[in-house]
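Trainee: compute the structure for the input listed below.
(2 chains)
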Number of protein chains: 2
Amino acid sequence: METVSVTKAFGGTQGVYRHASTATGTDMTFSVYVPPHAEGMKLPVVWYLSGLTCTHANVTEKGEFRAACAELGLIFVAPDTSPRGEDVPDDPDGAWDFGLGAGFYVDATEKPFAANYHMWTYVTEELPGLVAAEFPADMARQSIMGHSMGGHGALTIGLTCPDRYKAVSAFAPIVAPSQVPWGQKALGGYLGDDRVAWGAHDAVALIAGGARVPELLVDQGDADGFLDQLKPDLLADACAEAGIALTLRMQPGYDHSYYFISTFLGDHLRWHAERLG
Amino acid sequence: METVSVTKAFGGTQGVYRHASTATGTDMTFSVYVPPHAEGMKLPVVWYLSGLTCTHANVTEKGEFRAACAELGLIFVAPDTSPRGEDVPDDPDGAWDFGLGAGFYVDATEKPFAANYHMWTYVTEELPGLVAAEFPADMARQSIMGHSMGGHGALTIGLTCPDRYKAVSAFAPIVAPSQVPWGQKALGGYLGDDRVAWGAHDAVALIAGGARVPELLVDQGDADGFLDQLKPDLLADACAEAGIALTLRMQPGYDHSYYFISTFLGDHLRWHAERLG
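Mentor: Residues are numbered from 1 along each chain as shown, chains lettered A, B, ... in the order given. Sure, this is the predicted structure:
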């Protein structure tokens, strides 16, 4: 692991790091904030998965999470959203909703993406191993959150590994990718036409299929221009049916941007901290 | 005044605006955060002056000021750092420490800069008039702060207009531009060789010449790579001599970046709010 930069912030350390990923076959860059803490102490880890077009940098610069992480003693990890590099295949038309910056947190099985687009394995296995080895992380206390495509990632990963993540929340998540254009393009492109494979990467389908977490927290701006891709009502219906305690807060006047996320990220971190112990 | 964007954040409104400036003869862009407030209420105004290479956008995206402004009921105004446009003369070598993004908060008298570089008049007269007209601002309650070159601006403007600004603070300010390379280049380029004119734009020289404010708050990272341009000790000496109550906090391990600024901006806003009443 190579250190790109380390900067003091809110008494702790905001770092950016790079490593050669075996999951993606590329170099991957990610950021980690380590709050001030006593030497030798191990701290709970919050995973933040970013949305379409983002890298680690968007939330790192605009998320306003460090004050709360410093107060609550939380490590905050922000991975990239796809493999990167000149040899990594991108959307054939260069669109921003597929390929680079749009890995959708799946392990692709379709050519040419299957060679590099293994973001599920990267985020759930490889990067946790690296974080455990390199940071003062208590891996028995992890939680996960994300925004938009990253909200989709947080929900599907949280629902698939309910014992690992003590809290799962999202900002404006894509809750049912199988049912909306962004998701249909991505799941089709990465996983092919087999809709059974899609179901493992669709929060609403996972819940319908029996996946369970005790509770979920979701904030959604009602002025979000992408509501037709996000469809929070489908998550509300699925959770009601399944008996999952969903707190869905429709936030009046908020859009899809980091101005929205930063407003509520502190709330989410407090909610996570209560569940991380 | 044209609205570039308006986004809800922390219960208030983060706006970006553009207008044709008579002071600079160019279009100027600035940002204003208006916190949640009762209709008809007038709110105090905090001016934030940015550093070299910045526009309004840096602090707006990375400053993490909105939570505190929402809590304290403060309007936060972030002007640009120079006139902009293809017809605006820049540093002849394209350097980043003079010309575009580096107006140094003076009214230039030297050709070719005298035509546009009137940032003193812009920040102290024209933009306050526009803010008073367009926002719920109580102009009897203003304060000023800034970073680096903008810290220089905040100190010199605050010292020149002590009755207008109820609080003056800075992050890593250039306190004595007459004595350091950045300042000598800028003051020489904009104001010519007459060092008497420079004295009106040098906080340490202003204090030596009798300018007074009751108190100043300055945060300075001790890992700042630009300490040789900033020279906080010169401000400490001048304030001690003059009987100005300077709180100079040398912050261990902090650099010159927005990770440093965002860590302490909430503190500064609370200090300003106490003095704005």
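
Trainee: tell me how many other residues crowd the residue in the stretch 101-250 of chain A positioned nearest to chain B.
Mentor: Closest to chain B within the stretch 101-250 of chain A is residue A:223: 7.2 Å, counting by Cβ to the nearest Cβ. Glycine gets a C-beta too; all of them are placed from N, C-alpha and C. By the measure other Cβ atoms under 10 Å in any protein chain shown, the count of residues near residue A:223 is 14.

Trainee: am I right that it is in contact with residue A:253?
Mentor: Yes - Residue A:223 is within contact range of residue A:253, at 5.4 Å (criterion: Cβ atoms under 8 Å).

Trainee: list residues touching both of those two?
Mentor: Both residue A:223 and residue A:253 are contacted by residue B:8, under the criterion Cβ atoms under 8 Å, 6 or more residues apart in numbering or on different chains.

Trainee: now do the same contact list for the residue most central in space within chain A.
Mentor: Geometric centre of chain A, nearest residue: residue A:49, 2.1 Å, by Cα atoms, centre = their mean. Listed by Cβ under 8 Å, 6+ apart, the contact set of residue A:49 reads A:79, A:81, A:105, A:123, A:144-147, A:149-151, A:153-154, A:157.

Trainee: mind checking the SS state of the residue of the stretch 101-250 of chain A closest to chain B?
Mentor: For residue A:223, the assignment made with DSSP: H, G, I helix; E, B strand; the rest coil gives coil.

Trainee: pLDDT score for it?
Mentor: Looking at residue A:223, its pLDDT is 98.

Trainee: again with the one 3 residues further on
Mentor: Per-residue pLDDT puts residue A:226 at 98.

Trainee: now do the one 3 residues further on
Mentor: pLDDT, the model's per-residue confidence, is 98 for residue A:229.

Trainee: what residues sit buried inside the strand or helix carrying it?
Mentor: Per DSSP states H and E: residue A:229 is located in helix A:227-230. For helix A:227-230, the neighbour count (16 or more other Cβ atoms under 10 Å in any protein chain shown) marks A:229, A:230 as buried.

Trainee: ditto for stretch A:44-64
Mentor: A:44-52, A:54-56, A:58-64.

Trainee: quote the end-to-end distance of that stretch.
Mentor: 19 Å (Cα to Cα, to the nearest Å).

Trainee: centre of the chain to that stretch, how far?
Mentor: 8 Å (Cα atoms, centre = their mean, to the nearest Å).

Trainee: give me the neighbour count for the residue lying closest to residue A:123 once chain neighbours are set aside.
Mentor: Nearest in space to residue A:123, with sequence neighbours left out and distances taken as Cβ to Cβ, 6 or more residues apart in numbering or on different chains, is residue A:79 at 5.6 Å. By the criterion of other Cβ under 10 Å, residue A:79 has 27 neighbours.

Trainee: residues in contact with the residue nearest to residue A:48 when sequence neighbours are not counted?
Mentor: Closest residue to residue A:48 apart from its sequence neighbours, by Cβ to Cβ, 6+ apart: residue A:78 at 4.9 Å. Contact partners of residue A:78, counting by Cβ under 8 Å, 6+ apart, are A:30, A:31, A:32, A:48, A:50, A:56, A:59, A:60, A:63.

Trainee: what residues does the stretch 151-277 of chain A put near chain B?
Mentor: A:221, A:223, A:253, A:254, A:255, A:257, A:258, A:259, A:260, A:262, A:263, A:266 (Cβ under 8 Å from any Cβ of the partner chain).

Trainee: circling back to that earlier point, mind putting the contacts of residue A:49 in TSV, pLDDT and secondary structure included?
Mentor: Output for the contacts of residue A:49, formatted as TSV (pLDDT from 0 to 100; DSSP: H, G, I helix; E, B strand; the rest coil):
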residue	pLDDT	secondary structure
A:79	98	coil
A:81	98	coil
A:105	98	coil
A:123	98	helix
A:144	99	strand
A:145	99	strand
A:146	98	strand
A:147	98	strand
A:149	98	helix
A:150	98	helix
A:151	98	helix
A:153	98	helix
A:154	98	helix
A:157	98	helix
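
Trainee: how many neighbours does the nearest residue in space to residue A:82 that is not next to it in sequence have?
Mentor: Leaving aside its sequence neighbours, residue A:82 sits nearest to residue A:103 (Cβ to Cβ, 6+ apart; 3.6 Å). Burial of residue A:103 is recorded as 31 neighbouring residues (other Cβ under 10 Å).

Trainee: so where do the strands sit in the stretch 1-150 of chain A?
Mentor: Assigned by DSSP state E, counting those that start in this stretch, the stretch 1-150 of chain A shows strands spanning A:2-9, A:12-20, A:27-34, A:43-49, A:75-78, A:137-147.

Trainee: next: the stretch 151-277 of chain A.
Mentor: Secondary structure of the stretch 151-277 of chain A by DSSP E, counting those that start in this stretch: the strands cover A:165-171, A:215-221, A:245-251.
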